[in-house]
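Engineer: Have a look at this fold, sequence not included:
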DNA sequence: ATGCAGTCCTGTAAGC
DNA sequence: TGCTTACAGGACTGCA
């Protein structure tokens, strides 16, 4: 389940392989992804050169030499890797960009087809279309803006972290890990998060994501980076996927509950429920 | 306006 | 052994 560190790793791996390459042709599979690739888009892309591969939240917008964008989202099981054209084609490859003189290609593989690929006339138009739904990058989130969003809601903090409009790029794994690092119970109502709590959590998110990027992300099931290599951060996860195991800090068994429709892992001792003293104050 | 549940999708694993 | 069922969850839709 690619979140920010995994998507960042894909971008870093693919950049040297893609930037400067010309798209010689484009092949679309029979089964559509979350959205359908429109036939009208193909002639707009073929013949163009790839100028940049950016990352924004969990999105990968590929900027072409005319300023247009092909925006990729890996969904749950998306993979983007380059191959020799002659390499055997794996199952579930839905989209291919043949590059340069046609010996290599970028392949988009997605078992569950929650991913998406779409063309947009400019980066600004693409970004504008997401404006309402995509908040700041975690390192650009200020404690003030975070508190502003938290103060208005009774939603559990875990649900707030998964909301891409609050902060972009955090998914289920890093929401749980950040809450553990901040010592905050996942059901804490947003309104009950204090200023120091918000600052601590903001720092924990940045810390967790930065360390995961350094390890090339976490491979839980299907994730591989742009070079086809798995990530290495999964061994460093403190609570995610460790139900019943001893908390590394205090030895208490890690619990798993269902929250916001997602499995939610936490240490009941290190992440004690808020006592309620702050509730209603301010 | 807010927030929840349902939806999509396939592979894996648990349960009978 | 072989079937059924539950589960994994990012982002969106529809409903209360």
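Structural biologist: Great, that's in hand. Computed from a prediction, not measured in an experiment: that's the story for all the values here.

Engineer: hey, let's count contacts and neighbours off CA atoms from now on
Structural biologist: Fine.

Engineer: can I see the domain layout of chain A?
Structural biologist: A:4-130, A:138-266 (automatic domain parsing).

Engineer: could I get the ones you listed as a markdown table with distance to residue A:273?
Structural biologist: Listed next are the domains of chain A as a markdown table, based on distance: least, C-alpha to C-alpha, whole Å:
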| stretch | distance to residue A:273 |
| --- | --- |
| domain A:4-130 | 28 |
| domain A:138-266 | 5 |
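
Engineer: so can I have a markdown table of those domains showing mean pLDDT?
Structural biologist: As requested, the domains of chain A are exported to a markdown table (pLDDT from 0 to 100):
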| stretch | mean pLDDT |
| --- | --- |
| domain A:4-130 | 95 |
| domain A:138-266 | 93 |
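
Engineer: Switch the ones you listed over to a markdown table; also include mean neighbour count and distance to DNA strand C.
Structural biologist: Output for those, formatted as a markdown table (neighbours: other C-alpha atoms under 10 Å; distance: least, C-alpha to the nearest atom of the strand, whole Å):
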| stretch | mean neighbour count | distance to DNA strand C |
| --- | --- | --- |
| domain A:4-130 | 18 | 5 |
| domain A:138-266 | 19 | 4 |
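
Engineer: residue boundaries of the strands in the stretch 1-150 of chain A?
Structural biologist: A:23-28, A:50-53, A:59-64, A:69-73, A:78-84, A:93-99, A:104-110, A:116-120 (DSSP state E, counting those that start in this stretch).

Engineer: what helix or strand does the closest residue to residue A:4 other than its chain neighbours sit in?
Structural biologist: Excluding its sequence neighbours, the residue lying closest to residue A:4 (C-alpha to C-alpha, 6 or more residues apart in numbering) is residue A:169, at 4.5 Å. Under DSSP states H and E, no helix or strand contains residue A:169.

Engineer: Please determine how far residue A:169 is located from DNA strand B.
Structural biologist: Per C-alpha to the nearest atom of the strand, to the nearest Å, residue A:169 is found 18 Å from DNA strand B.

Engineer: isn't that residue right up against residue A:60?
Structural biologist: No - Residue A:169 is beyond contact range of residue A:60, at 11.5 Å (criterion: C-alpha atoms under 8 Å).

Engineer: Reformat the strands of the stretch 1-150 of chain A as CSV; add distance to DNA strand B.
Structural biologist: Shown next, in CSV, are these (distance: least, C-alpha to the nearest atom of the strand, whole Å):
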stretch, distance to DNA strand B
strand A:23-28, 15
strand A:50-53, 26
strand A:59-64, 17
strand A:69-73, 13
strand A:78-84, 11
strand A:93-99, 11
strand A:104-110, 8
strand A:116-120, 11
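
Engineer: Show me what the longest helix along chain A packs onto, helices and strands only.
Structural biologist: The longest helix of chain A (DSSP state H) is helix A:195-214. Judged by 3 or more C-alpha pairs under 8 Å, 6 or more residues apart in numbering; DSSP states H and E, helix A:195-214 is in contact with helix A:4-18, helix A:143-151, helix A:172-182.

Engineer: Out of the ones you listed, flag the one nearest DNA strand B.
Structural biologist: Proximity to DNA strand B (C-alpha to the nearest atom of the strand) singles out helix A:143-151 among the helices and strands packed on helix A:195-214, at 9.0 Å.

Engineer: what's in contact with that closest one?
Structural biologist: For helix A:143-151, contacts defined as C-alpha atoms under 8 Å, 6 or more residues apart in numbering pick out A:157, A:160, A:166, A:190, A:191, A:192, A:193, A:195, A:198, A:199, A:202.

Engineer: In the sheet, which residues pair with the closest residue to residue A:27 other than its chain neighbours? Tell me.
Structural biologist: Excluding the flanking residues, the one nearest residue A:27 by C-alpha to C-alpha, 6+ apart is residue A:96, at 5.0 Å. In this entry, residue A:96 is beta-bridged to residue A:27, residue A:107, by DSSP bridges.

Engineer: quick one: residue A:96 from residue A:264, how far?
Structural biologist: Distance of residue A:96 to residue A:264, computed by C-alpha to C-alpha, to the nearest Å: 36 Å.
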